[in-house]
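>>> Here's my sequence, what's the structure:
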Amino acid sequence: MNIALDKEKLLLNIKIAQEFTANRLTSTQALQGVYLSTEERALHIYSTDLNSYFHTTLLEGDVPDIHIIIEPKKIIEFVQLLDAGDINLIMSGQSMTIQQKKTKGVFPCIMAEDFPQPPHLSDTSEQIETSLISKNLSKLLFSASSDDARPVLTGVNIVSEETGVVFVTTDGFRLSIVKEAQKGAIPSMIIPSDFLKKVAGYIKDNKSISFSYSKKEQVVRLSNGEMDFYTSLIDGEFPPYERVLPDDKTTTIIIQRQELIRNTKLISVFARDYSHVVQYDFSDNMLRISPKKEANEENVTTQDVKIDGAPQKVAFNYRYVIDFLNSVDSEEIIIEILRPDAPVVFKSAKDTTYTHIIMPVRTQE
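Residues are numbered from 1 along each chain as shown. Below is the predicted model:
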């Protein structure tokens, strides 16, 4: 059986499919592979780790009947070195040959017809603006936890409200909140942050995407018209994030973002071996940045700021501050402080939809 395919199309789709395979050594061989299947006169490609799924159609028309699982890594390495243009897939027994002109490579495959299929979603799909998701991911994903011990914290909590939709992530040390005034766009759910991170690059160029949700199956599908991405939702109760939001403030600071990034990185050189803690001393329209005493607080830098309210001295894990500063593009940042041991609010001066909270570090002072 011989199938002619465009090299770039095959390479792109196998690369994407590989991202949704199971990468743990304990997984079955089938789940570590990519499934090629002929269905209704078309060649389809599938992959899954049983939590998320990828599906697309490679070729339509008079396609030979095949149902095989291929190991993607070596095929990707081989195909990306071939010339642009068509390549031939030749199926023979337990192997697949990829040939272009006088070059060919033979790869083992598994004959299979029972590869796990994506869930069937009977619920109606709707079109949502891609920007609702893609533009907000940089503000959210860095705050999601990577610790599977608390699965709900590894997801993006989506809350549907009368006034719009709220996106929330937290790892217990910081909290990101984005509020969008698009009513009914997405129902309330907790969607895995890793899934959104994978999908983001493949939907960003689309003005809108198809969104499907099955409450019964607890599954979401996002589709850009050519590719379908599925994920199981995270079951559990997201922490009541509203309780973390300070209901008052005693000091408001306006500060230049790029200068704060530079100065924080300068002092981080001395703080890395001391729990990454950096102290920020705000007084007299000046910010003094230094490591905590154990790292020799004589290492210091300063910058001008605008302060409204009482002087404040607060300490943070500097990596959390840098993560936030890199998530926005505003020239100025607004910082609101109640007291040194209370959650501190960080905002972009030009983005009113986004609020970030960082928990301060207690010091001996």
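
>>> alpha carbons only for contacts and neighbour counts from here, please
Noted.

>>> Look up how far S146 lies from the residue of the chain positioned farthest from its centre.
What lies farthest from the middle of the chain is K102; by CA atoms, centre = their mean that is 41.6 Å. To S146, K102 is 47 Å away according to CA to CA, to the nearest Å.

>>> again, but for K313
From K313 over to S146 (counting by CA to CA), the distance is 30 Å.

>>> now do T48
With CA to CA as the criterion, T48 and S146 are 20 Å apart.

>>> Counting neighbours, go ahead and name the busier of the two.
Comparing T48 with S146 by neighbour count (other CA atoms under 10 Å), the higher total belongs to T48, at 28 against 15.

>>> In contact with that one, which residues?
F20, T21, A22, L31, F54, P116 (CA atoms under 8 Å, 6 or more residues apart in numbering).

>>> Also S47?
By CA under 8 Å, 6+ apart, the contact list for S47 reads A17, Q18, F20, T21, L31, G33, V34, Y35, Y53, F54, H55.

>>> who wins for neighbours among these?
Result: Y35 is most packed of these (other CA under 10 Å), 31 neighbours.

>>> Which residue, other than its chain neighbours, is closest to that one?
In this structure, Y35 finds its nearest non-sequential neighbour in I69, 4.4 Å apart by CA to CA, 6 or more residues apart in numbering.

>>> do D147 as well
In this structure, D147 finds its nearest non-sequential neighbour in T154, 6.9 Å apart by CA to CA, 6+ apart.

>>> how close does that neighbour get to L43?
T154 is 35 Å from L43, where distance means CA to CA.

>>> Parallel or antiparallel, list what pairs with the helix or strand of the chain with the lowest mean pLDDT.
Least confident helix or strand of the chain, by mean pLDDT, DSSP states H and E, is strand 126-129 with a mean of 88. In the sheet, strand 126-129 lines up against strand 208-214 (antiparallel) (DSSP bridges).

>>> With just CA atoms, put the strand it pairs with into CSV.
Output of strand 208-214 as CSV, limited to C-alpha atoms (Å, rounded to 0.1, in the frame of the first residue of the first chain):
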residue,chain,number,x,y,z
SER,A,208,-12.2,32.1,16.4
ILE,A,209,-12.2,28.5,17.5
SER,A,210,-14.9,25.9,18.0
PHE,A,211,-15.5,25.1,21.7
SER,A,212,-17.4,22.0,22.8
TYR,A,213,-18.1,20.9,26.4
SER,A,214,-19.7,17.8,27.8
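
>>> Pull the residues that contact that strand.
121-131, 203, 219-225.

>>> and if we set it to 7 Å?
The contact list for strand 208-214, computed with CA atoms under 7 Å, 6 or more residues apart in numbering, reads 121, 123-130, 219-224.

>>> Can you tell me which one of these sits lowest on pLDDT?
Ranked by pLDDT, the contacts of strand 208-214 bottom out at D123, which has 65.

>>> For the stretch 201-350 of the chain, which segments count as helices?
Along the stretch 201-350 of the chain, the segments classed as helices by DSSP state H, counting those that start in this stretch run 257-271, 318-327.

>>> Can you say which of those is nearest to D247?
In terms of CA to CA, the element of the helices of the stretch 201-350 of the chain nearest to D247 is helix 318-327, at 21.2 Å.

>>> got the angle between the closest one and helix 257-271?
Computed with axes from the mean of the first three to the mean of the last three CA atoms, to 10 degrees, the direction of helix 318-327 lies at 160 degrees from that of helix 257-271.

>>> list the helices and strands helix 318-327 packs on?
Identification of packing neighbours for helix 318-327 by 3 or more CA pairs under 7 Å, 6 or more residues apart in numbering; DSSP states H and E yields helix 257-271.

>>> try 8 Å this time
helix 131-140, helix 257-271, strand 351-358 (3 or more CA pairs under 8 Å, 6 or more residues apart in numbering; DSSP states H and E).

>>> ok, of these, where does mean pLDDT dip lowest?
Looking across these, the weakest by mean pLDDT turns out to be helix 131-140, at a mean of 91.

>>> Give me the below-cutoff pLDDT ranges for this protein.
25-27, 123, 183-184, 294-295, 297, 364-365 (pLDDT under 70).

>>> how does it divide into domains?
2-111, 126-242, 245-358 (automatic domain parsing).

>>> how far does the second one sit from the chain's center?
The offset between the C-alpha centroid of domain 126-242 and the centroid of the whole chain comes to 9 Å, using CA atoms, centre = their mean, to the nearest Å.

>>> which residues in the stretch 51-200 of the chain form strands?
Secondary structure of the stretch 51-200 of the chain (DSSP state E, counting those that start in this stretch): strands at 52-60, 67-70, 86-92, 95-100, 103-111, 126-129, 155-161, 164-170, 174-180, 189-192.
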